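> Provided below are the primary sequence and the corresponding predicted coordinates.
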Amino acid sequence: MKTKDLLLRSASLLLSALILLYPNVAYCLANSSGVSYIVTGVIFLLPMVALVALIPQKWLYCVIASLLTIVSITDLTMVDLYKDYLLAGGIISVIKTNPQEAYEFYHTNLGEVFHWIPLIVLCVASCLLYRKPVSVRNTLFGIAFAFLVPAAFITYKLNVFYHNNPLTLRYYMDNRVWNRPPYNVYYQSWNAYIDLQRRKRRSEPQNMGAHRSLQTDKQEIYVFAIGESLRYDNISLNGKYHRSTTPRLEALQNLVLYDDYYSQACLTMYSVPQLVSRATPDNFELNYTERSIVEPFRECGFKVFTVVSQTNLLSYEKYLSDGVDSLIIVPNIVKDGEILSGDKTIVHVIDSLAQQHDKLFVMTQFLGNHSFFSNYEKEFEWYNPNSNNCPAVVS
């Protein structure tokens, strides 16, 4: 290989390495991580660069480089918005979201596109500078070096720094290597796939043995209400907020408020299962192997229903629908500042069920203020302008 071609090839591979490393640098700056974070990032990306160096054709290299750029853009976007890399829960959220939520997300974060420009420029430059490998011997030597360096580094870290701790190779790889770029998106995609497969394989639960020692002919109706993104410190029901924000709830005589509870997760798909089942952060598998709170009521002869908003991205989740007599989806429709259907009308669905059944348990999850605040009536629009009435162009 000529000296010029060798330099161009080296520059092309260097640019591809920068594409892979870019999200790590952004993470380091966003979280004030030390230089050692970048150093380990460089060491761990060497095998990926070595594999890229094996690509024999320019068109294939351009395709691979473009895919690697998209992967880096994905992690970069998450770092810019949330100061963290992509998680499996984020992938599942994307799979289960609806067009409205997707539009709202991209519309709100449209400016993020400008942060992608450096990565796109690196990708184009890398493709233009590409030169195919010629020396098989040198290529194999480089690949061996690229794999041996991170292997030696990991061995050193495990034996010297963690010698007295019960830290395994699997734990280190999962939490120090695979969950960082350039491997994170692939690793989290695999985790998301495993999670979705476990949800599909939810086994039929054994009978929980629920029974009632006291039988009554009186009508019994239980409603388990989950308020999406409901702020505890803004409801007067708890007696700690000065404005009367929940007057109708406060008028009820048999209401139970769970006021000593902290969310076990920051994502609905993980926090709600731990509200309605025996799942915990230490044993989340119970969400897949057992039914939810509806099962004891069903065994005691109650009719059980789940009522949720159609726009709720978790409307069809197993923990909401498994074991119930019916899953009722209430569409969220707001027209001309009036709620035609949604959270406000769920109560009518429950009233209708109460007229049909003497023993009734209803689990409902409201849309609440999830995502954009669009499910409210005009009379409650106190703060203007806002995202729902602000003109596209402000003069």
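Noted; the coordinates are in hand.
> what about the stretch 1-150 of the chain, any weak spots by pLDDT?
Along the stretch 1-150 of the chain, the parts satisfying pLDDT under 70 run over 1, 96-98, 100-101, 135-136, 138.
> in it, which spans are helices?
Using DSSP state H, counting those that start in this stretch, the helices of the stretch 1-150 of the chain run over residues 3-30, 35-53, 58-82, 88-96, 99-108, 117-129, 136-156.
> can you check the stretch 251-395 of the chain too?
Using DSSP H, counting those that start in this stretch, helices in the stretch 251-395 of the chain cover 268-271, 273-276, 286-289, 294-299, 318-321, 343-356.
> for R248, find the nearest of these.
Among the helices of the stretch 251-395 of the chain, the nearest to R248 by Cβ to Cβ is helix 343-356 (9.9 Å). For glycine as for every other residue, the C-beta is placed from the backbone atoms N, C-alpha and C.
> buried stuff in stretch 70-77?
Of all the residues in stretch 70-77, those buried under the rule 16 or more other Cβ atoms under 10 Å are V71, S72, I73, T74, D75, L76, T77.
> closest to V160 out of those residues?
Closest to V160, out of all of the buried residues of stretch 70-77 and judged by Cβ to Cβ, is D75, at 29.3 Å.
> gap between that closest one and L81?
Distance, D75 to L81, by Cβ to Cβ, to the nearest Å: 11 Å.
> repeat for N31
Counting by Cβ to Cβ, the gap from N31 to L81 is 13 Å.
> next: R212.
Distance, R212 to L81, by Cβ to Cβ: 49 Å.
> also V256?
37 Å.
> so which of those two has more stuff around it?
L81 (13 against 8; other Cβ atoms under 10 Å).
> any idea how far I64 is from the residue lying closest to the more buried one once chain neighbours are set aside?
Excluding its sequence neighbours, the residue lying closest to L81 (Cβ to Cβ, 6 or more residues apart in numbering) is N109, at 6.4 Å. Distance, N109 to I64, by Cβ to Cβ: 27 Å.
> kindly report the same for Y106.
Taken as Cβ to Cβ, the span from Y106 to I64 is 26 Å.
> and these two? Which one has more around it.
I64 (15 against 11).
> surely that one touches I55?
Yes - I64 is in contact with I55 according to Cβ atoms under 8 Å; the separation is 6.0 Å.
> can you show me the strands along the stretch 251-395 of the chain?
303-309, 326-330, 333-335, 338-341, 359-365 (DSSP state E, counting those that start in this stretch).
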